[in-house]
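Asks: What follows is a predicted structure for the sequence shown.
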Amino acid sequence: MPISGPSPGLLSSSLCRDPTVRNICREQLHYTIRRGFRNEHPGVLPVGEYLSGSVDAGLYRLRYAEAGSNLWTLARQAAKRLGVRIDVSGDENLRIVTDDVSVSPVKAVRGLRKVARKRYTRDLISDKSHQGVVATCLFLENKSKDLARLVSCRTPLSFGDWRYLHRARLDSLPLRGTRGFAHRSKIRVAADAERKTRPGLQLATKRHNIIQDLLESLLVKQGHDVTINNAIPRQRLRPGVEFQLSGSRVMVDVVVCYDQPGSMENAYQRKYDKYFSHARILPLVVGSLGSWYPRNDEIRSILGINGRSWGSFRLKARLAAIQGSMEMVCAHFHHGAPNPEAEDNPLFP
């Protein structure tokens, strides 16, 4: 969606290398301000304050003046509407400033779009409704383009996955057999109910193992000699992946948990407390609906994995978590049917 704002071309012309063009533009700006003040011209024209839409220092009187309409007045209106500030502190240092972003006029459109996205995102994650809770967890990792790739036209997710994914993220899936569909944490209850059945346990294990296999493949390509599910002597613990790094014992254990920041933090801490006395433990926490715990990236930095390989693994792990969870939800609705696509879809309230 395009954002209307101060004209980048207009502001750039005031910094043009051609002195004639530069002087004409600035003189038009000064004339516009003086015309607004009429006969009460200040000693120093408040150029920056005027362009930023300020009403201080007598600028409030400009709204009653017949200064006409030109590109400068439109730029003032747009800056006031968008809440941006035009910094003209130096002849060669004109900047458009808003929030924590400061851009030159030629980059104003991209900068203003970035600010708008940040503002809308901040408003969304501050909302305590279902959408805000979902966005908060997905926003834990906002540097990659994984989510954009998962919702693009080339997404590897099937239509069968999309049937339930968004409803699961909004916590609006109905529970099979729940009278009146009372408000509860539906995705959690559905997953819990399915995990306690034999098919559910198998699907949860399958989801975990797929992510673990992806991790094993990545580490092997990096030259590590890994062991899988090797029991610790005189213990009942079986870390998922174990290898040696500079003579030290390192364990990486995969856990798939609910897509809530608190749940992901607790899952990480439980894994750490479980193994830290035996070796250096690096928990890998993935949300059941595709969230990525930021501390997972410590594995990449410690092991020196290149960005491209790690990015590919991250996307595949998030995809596997989503597909595995949707398979569990689908099995719950269809009573564990081996071919749920052949059955009727459950009716949503």
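Replies: Arrived safely, thanks for sending.

Asks: check which helix or strand covers residue 174.
Replies: Assigned by DSSP states H and E, residue 174 falls within no helix or strand.

Asks: I'd like the distance between the closest residue to residue 167 other than its chain neighbours and residue 269.
Replies: Closest residue to residue 167 apart from its sequence neighbours, by Cβ to Cβ, 6 or more residues apart in numbering: residue 173 at 4.8 Å. Quick note: C-beta positions are derived from backbone N, CA and C, even for glycine. Counting by Cβ to Cβ, to the nearest Å, the gap between residue 173 and residue 269 amounts to 28 Å.

Asks: Do you have the strands of the protein handy? List them.
Replies: For the chain, applying DSSP state E gives strands covering 85-87, 95-98, 101-103, 227-228, 241-245, 248-252, 254-257, 280-281, 284-287.

Asks: among those, which is the most enclosed?
Replies: Of all the strands of the chain, strand 284-287 has the most neighbours on average by mean count of other Cβ atoms under 10 Å, namely a mean of 25.

Asks: by contact count, what packs against it?
Replies: helix 198-221, strand 254-257, helix 261-275, helix 307-333 (3 or more Cβ pairs under 8 Å, 6 or more residues apart in numbering; DSSP states H and E).

Asks: Tell me which of the ones you listed lies nearest to residue 31.
Replies: helix 307-333 (52.9 Å; Cβ to Cβ).

Asks: For that closest one, give the mean pLDDT please.
Replies: If you average the pLDDT over helix 307-333, you get 90.

Asks: same deal with stretch 261-269?
Replies: Rounded mean pLDDT across stretch 261-269 is 91.

Asks: Begin at 33 from now on, thanks
Replies: Okay, residue one is now 33; in that scheme the one you just asked about reads as stretch 293-301.

Asks: hmm, who's touching that stretch?
Replies: 168, 169, 172, 287, 289, 290, 315, 317, 319, 323, 325, 327 (Cβ atoms under 8 Å, 6 or more residues apart in numbering).

Asks: Could you check that stretch and say which residues are buried?
Replies: By neighbour count on 16 or more other Cβ atoms under 10 Å, the buried set for stretch 293-301 is 295, 296, 299, 300.

Asks: Now stretch 199-209 - C-alpha only, PDB.
Replies: Taking Å, rounded to 0.1, in the frame of the first residue of the first chain, the C-alpha atoms of stretch 199-209 are listed here in PDB:
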ATOM      1  CA  ARG A 199      -7.600 -21.000  13.000                       C
ATOM      2  CA  ALA A 200      -5.100 -22.700  15.200                       C
ATOM      3  CA  ARG A 201      -3.000 -19.600  15.400                       C
ATOM      4  CA  LEU A 202      -6.100 -17.600  16.400                       C
ATOM      5  CA  ASP A 203      -7.100 -20.300  18.900                       C
ATOM      6  CA  SER A 204     -10.500 -20.600  17.200                       C
ATOM      7  CA  LEU A 205     -10.500 -24.300  16.300                       C
ATOM      8  CA  PRO A 206     -13.600 -26.100  17.600                       C
ATOM      9  CA  LEU A 207     -13.100 -29.100  19.800                       C
ATOM     10  CA  ARG A 208     -14.600 -32.300  18.600                       C
ATOM     11  CA  GLY A 209     -17.400 -33.300  21.000                       C
END
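
Asks: Okay then, goodbye and thanks.
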